[in-house]
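Peer 1: Task: produce atomic coordinates for the following.
(one chain, ligands or ions: 1)
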Amino acid sequence: MDRLRLLLRHVTIWGMIAAITVGCIIVARAGQPWLWVLVLLGVPAQMLNEYNLHRHIFHLKPPRAQWAFDLLYRAHYGHHDFPTNRELIFAPDFVVFPGLVINFTLVWGILTLLGTTSRNGSTSRRVGRSSTG
Ligand SMILES: [Zn+2]
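Peer 2: I've put the predicted structure just below:
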């Protein structure tokens, strides 16, 4: 219970829950059942994303500029120095939320290129839609 309480007191967890909820609403309203496959593909995609972020960004060679070192320290180095520090267990807001926006934008762009979004930007059903309506 203590771990669940720890998890739920972190603002980025609530941000992710909100993003997942909004994503599910968008997919449910789109009327394209195949979009749920993307949700399943999102799990390994996120694992790959986290691995690459951890491997190639979080473990960059320590920067010389103090501000950059401090930023990386707060983003991740500190977690390795103090793995049980509650403030350093999760990635900070300035990493999670921009990552969320970038990933959402990439997926939205790919879906748009595949022709699954309408002109007003919402995901919609193309098959069977008349050009007058
Ligand atoms: Zn690490």
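Peer 1: Report the distance from the helix or strand harbouring Ile17 to the chain centre.
Peer 2: Counting by DSSP states H and E, the element that carries Ile17 is helix 11-30. Chain-centre distance of helix 11-30: 10 Å, with C-alpha atoms, centre = their mean, to the nearest Å.
Peer 1: gap between His79 and Leu41?
Peer 2: In this view, His79 and Leu41 are 28 Å apart by C-beta to C-beta, to the nearest Å. Every residue, glycine included, has its C-beta placed from N, CA and C.
Peer 1: Those two: which has the busier surroundings?
Peer 2: Using other C-beta atoms under 10 Å, the more surrounded residue of His79 and Leu41 is His79, with 19 against 11.
Peer 1: What about the nearest residue to that one once chain neighbours are set aside? Give its phi and psi, please.
Peer 2: Leaving out its chain neighbours, the residue that sits closest to His79 by C-beta to C-beta, 6 or more residues apart in numbering is Leu88, at 4.5 Å. The phi and psi torsions at Leu88 (degrees, to the nearest 10) take the values phi -110, psi 0.
Peer 1: got a list of what Leu88 touches?
Peer 2: 74, 78-79, 82 (C-beta atoms under 8 Å, 6 or more residues apart in numbering).
Peer 1: Can I get those in TSV including distance to Leu35?
Peer 2: As requested, the contacts of Leu88 are exported to TSV (distance: C-beta to C-beta, whole Å):
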residue	distance to Leu35
Arg74	36
Gly78	38
His79	35
Phe82	41
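Peer 1: If you rank those by neighbours, which is first?
Peer 2: His79 leads those on contacts (other C-beta under 10 Å) with 19 neighbours.
Peer 1: host element of that one?
Peer 2: Remark: His79 resides in helix 78-81, with elements defined by DSSP H and E.
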